[in-house]
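> Everything below, folded, please.
(one chain, ligands or ions: 1)
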Amino acid sequence: MKLELIKCHGSGNDFFIIDEMEQSFGWSDEERAKLTISLCNRGSELGADGILFILASEVADAKMRVFNADGSEASMCGNGLRCVARYVCEKLKIKEATIDTMKVTLHVSKESDIYKDIPTYKVEISPVSFDVATLPLHINQHQLVNEKMEDLSEDIAFTALSVPNPHLVAIVEKEQMQSDIQEEISLYVNGENDYFPDGVNVSFVKPLPEGGIFVRTYERGVGFTNACGTAMSASSLVTCLQSINTYEQPIEVYNNGGKVRCIVHKQNDSFTIDLIGNASFVYQCTIEIDINHPGTFTVDNSEEYIEEMMQYAKLQQEASAFLTKQLNA
Ligand SMILES: N[C@@H](CCC[C@H](N)C(=O)O)C(=O)O
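This next block holds a predicted model:
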């Protein structure tokens, strides 16, 4: 069969969009998983962190399903949702929309450009929970907020939260950020272990001297990515809890693929987060693939979004120069 793909990214966290809104391919979840593993393989002609399947919805403008590069399905994806927001808003010629996701319907909207000529979208990150059962995290307490887990590290304190996908967040020193410790912990909690039966996204966060934070995330089902939208949102909330940042105020969040802006809203004891950033298209292409044997495919008719990519490269250069200066300050 022929399949149309759009390669897109949010802060360098890259995905393929597959539109199943009008044409239903009738795929099973096993077929979606195998297709994802094949197309996301970085050793193939394509490669990505995941696939965003966009489907028709009876309760919202569209439905998003997210598959990680290893074929597992995630309940949410912040960077991916911005790309889906752009795709749906442009397709339906609207400026805001509702997108149904695995656990919740979320509001998305077009925003003024975060950087000159960079299509920018705001997405709602919600619901947020600190109840360890929602990750799940198996420990003998209801919450883990800025506390050590001796089996993970003797020095680092973690906060566990779901937004609604699961996150483990630690505020760290520069030396810890640059060591192998994050990878070691991430491999442990995403392998056979007694604590996180479904794995967890692990973020190390470094507050920057001139304001803003740097977030590096090891993503469940993928590995280290340039950025993880839900992780940057969860990390922003954790920095507000620790009075490093302030509720209702924009937080500049730097990552290895660029930067985004988060605003954490607090009402009584509940939280929501706005994630604002680029929704960039890289290229569109058609592939010829046999869904029963997705391991091989051919790519043709590839067309790049050159202007958009050149503009994004400028944002990335500026963000990276700022970050280097801040991390060496
Ligand atoms: N990159 C995403 C998150 C994708 C899902 C995650 N790996 C999980 O399994 O929960 C984002 O931008 O939020």
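
> And for the helix or strand that contains residue 202, what's in contact with it?
Using DSSP states H and E, residue 202 sits in strand 201-207. When contacts are defined by Cβ atoms under 8 Å, 6 or more residues apart in numbering, strand 201-207 is touched by residues 165-174, 176-177, 182, 185-186, 189-190, 213-220, 228, 230-232, 234-235, 238-239, 244, 327. Every C-beta, even on glycine, is put in place using the N, C-alpha and C of the backbone.

> Please enumerate the helices of the chain.
Per DSSP state H, the chain carries helices over the ranges 29-40, 78-92, 174-178, 181-189, 229-241, 306-327.

> Can you tell me which of these is nearest to residue 66?
helix 78-92 (5.5 Å; Cβ to Cβ).

> touching the ligand at all, the closest one?
Yes: using Cβ under 6 Å from any ligand atom, helix 78-92 reaches the ligand at 78-80.

> Which of those has the largest number of neighbours?
Neighbour count (other Cβ atoms under 10 Å) singles out residue 79 as the most crowded of these, with 33 neighbours.

> How about it, nearest residue that isn't a chain neighbour?
Of all residues not flanking residue 79 in the chain, residue 10 sits nearest, at 3.0 Å (Cβ to Cβ, 6 or more residues apart in numbering).

> Now for that neighbour: which residues touch it?
78-80, 82-83, 227, 229, 260, 277-280.

> And the residues you listed, which is closest to residue 312?
residue 280 (5.3 Å).

> Residue 211: neighbour count?
11.

> pLDDT at residue 312, what is it?
Each residue has a pLDDT score; the one for residue 312 is 98.

> Next, the contact list for it, please.
118, 258, 278, 280.

> wait, what's in contact with the residue lying closest to residue 96 once chain neighbours are set aside?
Take residue 96 and drop its neighbours on the chain: the residue closest to it by Cβ to Cβ, 6+ apart is residue 109, 3.8 Å away. By Cβ under 8 Å, 6+ apart, the residues touching residue 109 are 85, 95-97, 121-122.

> would TSV of the residues you listed with pLDDT be doable?
Output for the contacts of residue 109, formatted as TSV (pLDDT from 0 to 100):
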residue	pLDDT
85	99
95	98
96	98
97	98
121	98
122	98
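
> Let me know whether residue 329 touches residue 209 as I believe.
Yes: applying Cβ atoms under 8 Å as the test, residue 329 and residue 209 come out as touching, 4.8 Å apart.

> And the nearest residue to residue 102 once chain neighbours are set aside, how far from residue 93?
Once flanking residues are discounted, residue 102 sits nearest to residue 75: 4.2 Å by Cβ to Cβ, 6+ apart. For residue 75, the distance to residue 93 equals 29 Å [Cβ to Cβ, to the nearest Å].

> Same check on residue 169?
Taken as Cβ to Cβ, the span from residue 169 to residue 93 is 38 Å.

> And residue 153, by the same measure?
50 Å.

> Who has more neighbours out of these two?
Higher neighbour count among residue 153 and residue 93: residue 153, with 17 against 6, using other Cβ under 10 Å.

> who's in contact with the closest residue to residue 70 other than its chain neighbours?
Excluding its sequence neighbours, the residue lying closest to residue 70 (Cβ to Cβ, 6+ apart) is residue 221, at 4.6 Å. Residue 221 is in contact with 50, 68-72, 74, 199, counting by Cβ under 8 Å, 6+ apart.

> Give me the distance between residue 221 and residue 228.
11 Å.

> Next: residue 102.
Residue 102 is 17 Å from residue 228, by Cβ to Cβ.

> who's more crowded, these two?
Of the pair residue 102 and residue 228, residue 228 is the one with more neighbours under other Cβ under 10 Å, namely 33 against 15.

> For the more buried one, give me its contacts.
13, 78-79, 201, 203, 215, 217, 219.

> so which of those is the most crowded?
residue 79 (33 neighbours).

> Quick check: bridge partners of the closest residue to residue 173 other than its chain neighbours?
Excluding the flanking residues, the one nearest residue 173 by Cβ to Cβ, 6+ apart is residue 206, at 7.5 Å. On the basis of DSSP bridges, residue 206 is bridged to residue 214.

> Near the ligand, which residues of the stretch 51-200 of the chain? Just list them.
So far as Cβ under 6 Å from any ligand atom goes, the stretch 51-200 of the chain lies against the ligand at 66, 68, 74, 77-80, 165.

> Quick check: closest non-adjacent residue to residue 186.
In space, residue 186 is closest to residue 218, 3.6 Å off (Cβ to Cβ, 6+ apart).

> Report the beta-bridge partners for the nearest residue to residue 212 once chain neighbours are set aside.
Nearest-residue entry for residue 212: residue 252, 3.6 Å, with adjacent residues in sequence omitted and distances by Cβ to Cβ, 6+ apart. Taking DSSP bridges as the rule, residue 252 bridges to residue 261.
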